[in-house]
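Visitor: Here is a sequence together with a model predicted from it:
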Amino acid sequence: MQFLKTLFWVALAVILVLFATVNWHAVTMNLWGGLQADVKLPVLILVSFLLGFLPMLIVHRARIWTMRRRLEALERQATAIAYTAPVTTPAPDTAPSQITTPESRPTDDRIATDNKVWPAP
């Protein structure tokens with residue numbers, strides 16, 4: 001796989017060098033105020049590419065940095081929660097006569113539904 005990756009980048013570099021050598025002639029750019037600049041075509045293409053690519057690269061790297069900071073904070077929080085001692089609740093002091101069984105509970109005429117409130121009788 002590494003060979004194919006290297007082959008791709010070498011082929012791309014060869015194509016770009018061939019393009020630059022074939023198109024190495026001056027191009028006149030009309031700038032503001034009647035100002036003109038003679039620039040070689042491959043240089044103009046490279047500068048145009050970088051003007052579009054670099055701002056997006058900066059935005060991309062900033063987002064990655066922000067997401068990495070969020071992930072690290074969440075990981076620290078998760079490890080802090082995982083290493084805390086479990087909280088034990090004391091057993092309620094109930095006498096055996098106070099424990100309710102299903103037979104001793106009062107019966108209701110209510111019907112369990114998915115609603116948030118019980119239906120009226």
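Guide: That came through, no problem. All figures in this text were calculated on a predicted structure; none of them were measured in a lab.
Visitor: what's the spacing between the residue nearest to Pro42 when sequence neighbours are not counted and Val14?
Guide: If the residues on either side of it in the chain are set aside, Pro42 comes closest to Ala20, at 3.9 Å by CB to CB, 6 or more residues apart in numbering. Quick note: C-beta positions are derived from backbone N, CA and C, even for glycine. Distance of Ala20 to Val14, given as CB to CB, to the nearest Å: 11 Å.
Visitor: can you check Gly34 too?
Guide: Using CB to CB, which is the criterion applied here, Gly34 is 40 Å from Val14.
Visitor: pLDDT value on the residue most central in space within the chain, please?
Guide: The geometric centre of the chain, computed from its C-alpha atoms, lies nearest to Met67 (CA atoms, centre = their mean), at 5.6 Å. Listed pLDDT for Met67 reads 96.
Visitor: Leu12 too?
Guide: Reported pLDDT at Leu12 in the predicted model: 95.
Visitor: Next, count neighbours for it.
Guide: When neighbours are defined as other CB atoms under 10 Å, Leu12 has 10 of them.
Visitor: what about it, distance to Phe19?
Guide: Using CB to CB, Leu12 is found at 11 Å from Phe19.
Visitor: picking that back up, Ala20 and Val14: which is more packed in?
Guide: Ala20 (15 against 10).
Visitor: and that one, which of the three is it?
Guide: Put simply, Ala20 is helix when judged by DSSP: H, G, I helix; E, B strand; the rest coil.
Visitor: roughly how far apart are it and Lys40?
Guide: To Lys40, Ala20 is 8 Å away according to CB to CB.
Visitor: How much space separates the residue nearest to the centre of the chain from Leu74?
Guide: The value you get for Met67 to Leu74, if CB to CB is used, is 11 Å.
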